[in-house]
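Novice: prediction below, plus the sequence it came from.
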Amino acid sequence: MKQKRNLLILCAGLWMAFSCSEEFKPTPYTYSNFFTGENSKTWRLRLLEQTADGTVVARTSSSCLADDRFTFYANDERSYETTSGSQECFEGEAALSTSNWSFVSSTATLTMLLPALSASALPFFVLDADDDDMELEIFFDQEATESYRIHFTAIDED
């Protein structure tokens, strides 16, 4: 009699566990949404720091760099645009450059075009990123002792 009662309780418990649950649909977390928002996100360069052995040796908040815009798109192509502002930072600077961006989470590396540093996309380490601010770093010597840290602020999200 005890076995029948235990079996009945077990069956009732299993029935309740499986019949009353709603379907679970996980939403995958993507770190790249910090860069792109839902559809696109535009950033401006707020501050550029030069470091040596991890210590900041120079800070620049140039007005010519501050009026440039960097837009990441959340499309399948991972499109990316840089728009030069009204102040030209260097001779021959393109008003609009298009490229693609990529992010590798295992190395926290964001590859993007930053015309002030190079004419092609470069890999930057993501030091910090949230909805409003982003800090990237790129080393420019073999020993990885000297770098640029680039601080961005989000200005528009679609």
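Specialist: Here it is on my side, so go on.
Novice: quick one: the residue nearest to Ala129 when sequence neighbours are not counted from Ser106, how far?
Specialist: Closest residue to Ala129 apart from its sequence neighbours, by C-beta to C-beta, 6 or more residues apart in numbering: Phe34 at 4.3 Å. In this view, the C-beta of every residue, glycine as well, is placed from N, C-alpha and C. Here Phe34 is placed at a distance of 17 Å from Ser106 (C-beta to C-beta, to the nearest Å).
Novice: name the next helix or strand following the helix or strand of the chain with the lowest mean pLDDT along the chain.
Specialist: Every helix and strand of the chain was ranked by mean pLDDT, DSSP states H and E. The lowest is helix 2-19, at a mean of 63. Later in the chain than helix 2-19, the nearest helix or strand by DSSP states H and E is helix 33-36.
Novice: and that next one, average pLDDT?
Specialist: Here helix 33-36 scores 92 as its mean pLDDT.
Novice: name the surrounding residues that touch whichever helix or strand comes after it.
Specialist: Proceeding N to C from helix 33-36, the next assigned helix or strand is strand 40-52, under DSSP H and E. Under the contact criterion C-beta atoms under 8 Å, 6 or more residues apart in numbering, strand 40-52 has outside partners 35, 56-62, 65-74, 116, 134, 137, 145-158.
Novice: how does it look with 7 Å?
Specialist: Under the criterion C-beta atoms under 7 Å, 6 or more residues apart in numbering, residues 35, 56-61, 65-66, 68-74, 134, 145-158 lie in contact with strand 40-52.
Novice: so what's Ala154 up against?
Specialist: Counted by C-beta under 7 Å, 6+ apart, Ala154 has contacts 41, 43, 131-132.
Novice: excluding chain neighbours, what is closest to it?
Specialist: That would be Asp132: by C-beta to C-beta, 6+ apart, it lies 5.1 Å from Ala154.
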